[in-house]
Each structure stands twice: as structure tokens, then as C-alpha cells.
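In: 3D model of this:
(one chain, ligands or ions: 3)
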Amino acid sequence: MSQINQAPQLLVMKFGGTNMQDADAIRHSASLVARSLNEGVKVVVVVSAMSGVTNGLLGIAEAAEKGDIALANDQIAALRTRHFTAAQLLGAAPDAPTVRELRELLETLRQAVYGVYLLRELTPRSRDLIVAFGERLSAPLMALALTLTESGQRAHHLTGGQAGIVTDNQFGNARPLPSTAARIRDRLTGLLDAGVTPVIAGFMGETEKGAITTLGRGGTDFSATIVGAALHASEVWAWKDVDGVMSADPRSVPGAQNIAQLSYGEVMELAYFGAKVLHPLAVTPLQDAGIPLRVKSAADPEFPGTLVTTDPHTDSVHPVKAVTAIKGVSIINVSGAGILGVPDVVADLFAALARENITLLMVSQSSSMSNVSLVILSSDEERTLAALGRPMGGRQLRLDVQPEVAVLAIVGAGMRGTKGVSAKLFSALAAADINILMISQGSSELNISLAIEGQDVALATRSVHSAFGLDAPVTAN
Ligand code: ADP
Ligand code: ASP
Ligand code: MG
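Out: Numbers count the residues shown, from 1 in each chain. Ligands and ions are numbered 1, 2, ... in the order given. From the prediction side, this is the model:
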């Protein structure tokens, strides 16, 4: 079969913050899009903000809330310089439409920030409006770069809302509504049919009333898969600054290796347990239609990266494929007379946390039912204590907090039915003299997670990674 026949018809390509960080990176990303376009493939592009811009915008919003408008304005000026410089280096004239549009966006941002300053109030709604400017500013730069590639592509940039992503009102962590898929098809099909490449600002959507929402940190991955599923794309490609999904965060485990193939379920577990490489919900839109996701390195486009499909492609030598960790976690120990032998207490605890939208990382209940331990992010600690501190069916609960904990998880579909995995995990930790505070195994048997002291996390991750044979083979020079 020829290459042309094998080529996918429609690709959604997502570019992360590093791939958008300056004019050179954007030009390179645009060349990767153009390469596929020149092969006759249609491409929809979804972009992140330039690296560091999302955190910068959060800082600007907080400075305005505190009344430091001078600091906020200085930082907006720095953003202006960074985006104008990129436009200029990409080849835009000072009065080019892209430059004018960037100027208008930055002016609207300044006004939104000024509103927060006047009110001294930063609501989740205004935070989303402000933080989504990162992607709204980077999308025009990518569209510009595409038009200026050698092959002179036609491109048109859109906000998430303009592209059809309509969400609920959960600002900061919004979810797409069912009407999204049809709306995306409606908004993008005409452009694609006309040979124009849509460039969508990732991370953001809008409510039915038109208020801007964001999909949670790392949400551009999710935007891309939402669009990919709606358009029945052949594949979604997430271009990154790493080779693909690795057996551990390469920043903390130097021997981490690329994982060639993963299942959707494995990726979800990895992302849920702290692997920052993909948004935890990123693969969910792709599952039903079985659309493959590839995680690829922009620095090495020929390298296959990681292919995510339904099939985990497990090999018997490596039942565990990856080790992840979440730092900044607390254990809340719930005990007291009110809990003893009362079966529905756990249901009440879960309901109280769900109402507050608090993520529960691990749960364990003693068999005497005299206490329940909950693992949550430390950033949710205050809200958790408030939610559980309210009277619950008149029961008296005692709440004790153990701060500075970490959760370590091993992930791999091959663990299912394989004996000795837990034994290997525990001996690796014992050999490194690491104390285990809590243990839980998901019923899917795709992961085993442990709570350990926060200070042990680096050593624990490296020890477990090497115990499961995941370190890269040392090659002689
Ligand atoms: P992007 O903007 O492209 O989405 P992110 O910074 O969100 O980039 O995600 C990529 C980063 O995720 C990598 O630089 C890496 O440090 C980190 N990371 C954490 N765990 C993993 C893992 N298991 N595999 C690959 N990268 C990981
Ligand atoms: N820019 C957003 C973030 O930093 C979304 C993303 O990069 O995926 O979280
Ligand atoms: Mg990301």
C-alpha cells in the first residue's frame, strides 16, 4: 500500500506551551502542520499559551485583587512585549492585522484586570476570563506563522467558544456540554472544506450565555480531543517537549524511558496520579470512537512517541509501565464515636466532598469501621475540613490532619492477574527504608497507589522505577 493511501484524512494537532514559547518555536510548530497539509491531510490546530503565560496571568489577576495595579500593569506590558516581539520576528508588519488584534486583546485584558482591581474581588468567573487570554493571544501567532510558511497555508484562528466548545458553568474546571460536538462540526466543517486550517485557542470554552470558561490546568490536551472526537478525526497528535509519555517524569527520574503504547485506561490513571504530561480527562472523548492519540516530540518528529488506543499492548516482562507521584497531599483521618459501626458514614463523607468538588485521591476504611482515612490535595485541605466539620446526620466526627504527604502510584494493565507485583513494590520501598502510610489498589487493577511521607517521594519514585526494570539500559560509549 502506498504512503498516500495510509495517510490519515484529518488530524487534530495540539501544540503545548514550549512548542509556542517564542517565534522560533511557533515557526517550527507551523512547519510540522504544513508538512502534513502538504501531504494532502487536513489539519485542525489547537494551541496552548506561550510557556509561563498562564501562570503569569494568574499572578496578574491576584496582584489586581490585592490592589497592586502597578505590578499587574507592568506584567501586562511584559506580555505585550513578548507577543509583539514574536509577531514581528515571525514577519508581521507593525500595522498587520495580527498586531492590531493582539493590541485589542491586550487592551481588553487590561480592562478586565482593572475591573478586578476596582472590585478587589477575583471570582472564578473573572479568573477564567483573564487566564484564557494566554491562548487567545497565542492562536493568532500560530495562524500568522502558518500563512508565512514556505507553502503559504490559509489559516483562521478562533477562540474555544467560536470553535464550538460550549461548557457548563464550572469556572476553572468546566466540562463540555453534549451540544459541543454538533456545534464544532458546524463551525469548522466550512473552513476545512474551503482548505482553511482552523487554529483554535485551547484550554477554553464558553457557557451558553457566552461567558469564558477554562477546562482545568493542562486543558489544551482536552480541547484537542474534544475537537478530534467531534470531527471524527483519524488521530489526535499532541506535540510536546518530551519524547512521549515516559515511564516517570524525566525531570525527577533521569532513566525514564518512552512508553511506545498505552491504553486509554492506563493514560487516565497516569494523569490522575500526577503525570502532568496529559490532562486527566484528555482521552475520554476519544474512547467511544477508538480514535488514537499520539504524544510526539516536536524536537524529533520522526520518533514515533507514544500511541494511545484501546489496547494496552502489555508485555509479560513489564506488568508495570510507569511510576507517578503527586506531591502536596494530606491525609484526613476521620474517627470518633459517630463513625463506629455506622455503614452509611462513608457515603455521607463522599457526598460532602462531592458537593464541594474535592478530588479524593485515596480512601481506606479500617475493618472495625472505627476510622476512615481520606487522601486529598493539601490545597483542598481547608475546604475539606469545612465540608466534613459540618454536622452530618447529628454524628460527632473527629478530624485529624497529616500534612506533607505524597501519593506514589504504579500503573500498567499487565498487573491484572500478575502475582508478586505488590511484593516487589513493598520490598523496593523497604530496601530504601521508606515508610508506607496507606495502600490502595483500584478495582480495575490498572494501578496500585501508596501514601508516603512527602520527603521520601524522589527516592521512592527512583527505587520503584528501577525495581520494575523501567530504567533505560546503560549504553557503553
Ligand atoms: P505541554 O504544554 O506540551 O502540555 P506540559 O508541561 O503540560 O507540556 O507536559 C509535559 C511535561 O510533563 C514534561 O516536560 C514532563 O516534565 C512532565 N511529565 C510528568 N510526568 C511525565 C511522564 N510520565 N511522561 C512525560 N512527561 C511527564
Ligand atoms: N495554558 C494552560 C495551562 O498552562 C493550558 C495548557 O497548557 O494545556 O494550564
Ligand atoms: Mg500540558
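In: the strands in the stretch 251-400 of the chain, which residues?
Out: 261-263, 293-297, 306-309, 322-335, 360-365, 371-377, 398-411 (DSSP state E, counting those that start in this stretch).
In: nearest to Arg154, of these?
Out: Proximity to Arg154 (CB to CB) singles out strand 293-297 among the strands of the stretch 251-400 of the chain, at 24.3 Å. Placement of C-beta: from N, CA and C, glycine included.
In: pick out the residue in this protein sitting closest to ligand 1.
Out: Gly16 (1.8 Å; CB to the nearest ligand atom).
In: quick check, that residue in contact with Ala224.
Out: No - when contacts are counted by CB atoms under 8 Å, Gly16 is not listed as touching Ala224 (10.2 Å).
In: quick one: which of the two has more around it?
Out: The residue with more neighbours, out of Gly16 and Ala224, is Ala224; 30 against 24, by other CB atoms under 10 Å.
In: quick one on the thing from earlier: got any residues that touch both of Gly16 and Ala224?
Out: Jointly contacting Gly16 and Ala224 under the rule CB atoms under 8 Å, 6 or more residues apart in numbering are Ala238.
In: for the residue of the chain closest to ligand 1, give me the pLDDT.
Out: In this model, Gly16 is scored at 97, pLDDT.
In: likewise Asn169?
Out: So, for Asn169, pLDDT stands at 96.
In: pretty sure it contacts Gly210?
Out: No - the criterion here is CB under 8 Å, and Asn169 misses it with Gly210 at 11.9 Å.
In: look at those two and report which has more neighbours.
Out: Higher neighbour count among Asn169 and Gly210: Asn169, with 13 against 8, using other CB under 10 Å.
In: check contacts around the more buried one.
Out: Thr207, Ala211, Thr213.
In: let me have those in a markdown table, extended by distance to Leu89, neighbour count and secondary structure.
Out: A markdown table is the format used below for those (distance: CB to CB, whole Å; neighbours: other CB atoms under 10 Å; DSSP: H, G, I helix; E, B strand; the rest coil):
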| residue | distance to Leu89 | neighbour count | secondary structure |
| --- | --- | --- | --- |
| Thr207 | 36 | 19 | coil |
| Ala211 | 34 | 17 | coil |
| Thr213 | 32 | 29 | strand |
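In: could you dump the residues you listed to JSON lines with pLDDT?
Out: Formatted as JSON lines, the contacts of Asn169 follow (pLDDT from 0 to 100):
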{"residue": "Thr207", "pLDDT": "98"}
{"residue": "Ala211", "pLDDT": "98"}
{"residue": "Thr213", "pLDDT": "98"}
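In: what separates Pro94 from Thr108, distance-wise?
Out: As defined by CB to CB, to the nearest Å, Pro94 lies at a distance of 20 Å from Thr108.
In: enumerate the residues of the stretch 101-250 of the chain near ligand 1.
Out: Listed as neighbours of ligand 1 in the stretch 101-250 of the chain under the rule CB under 6 Å from any ligand atom: Gly218, Lys240, Asp241, Val242, Val245, Met246, Ala248, Asp249, Pro250.
In: report pLDDT for the first one.
Out: Reading off the per-residue confidence, Gly218 sits at a pLDDT of 97.
In: now the helices: where do they sit in the stretch 51-200 of the chain?
Out: 53-66, 69-90, 97-119, 124-131, 133-147, 180-193 (DSSP state H, counting those that start in this stretch).
In: compare those helices and give me the one nearest ligand 2.
Out: Going by CB to the nearest ligand atom, the one of the helices of the stretch 51-200 of the chain nearest ligand 2 is helix 53-66, 3.5 Å.
In: just the helices in the stretch 301-450 of the chain please.
Out: 345-355, 381-389, 421-431.
In: residues contacting the residue most central in space within the chain?
Out: Residue closest to the average C-alpha location in the chain (CA atoms, centre = their mean): His279, at 2.4 Å. Neighbouring residues of His279 by CB under 8 Å, 6+ apart: Leu215, Gly216, Arg217, Gly218, Gly219, Thr220, Asp221, Phe222, Ala271.
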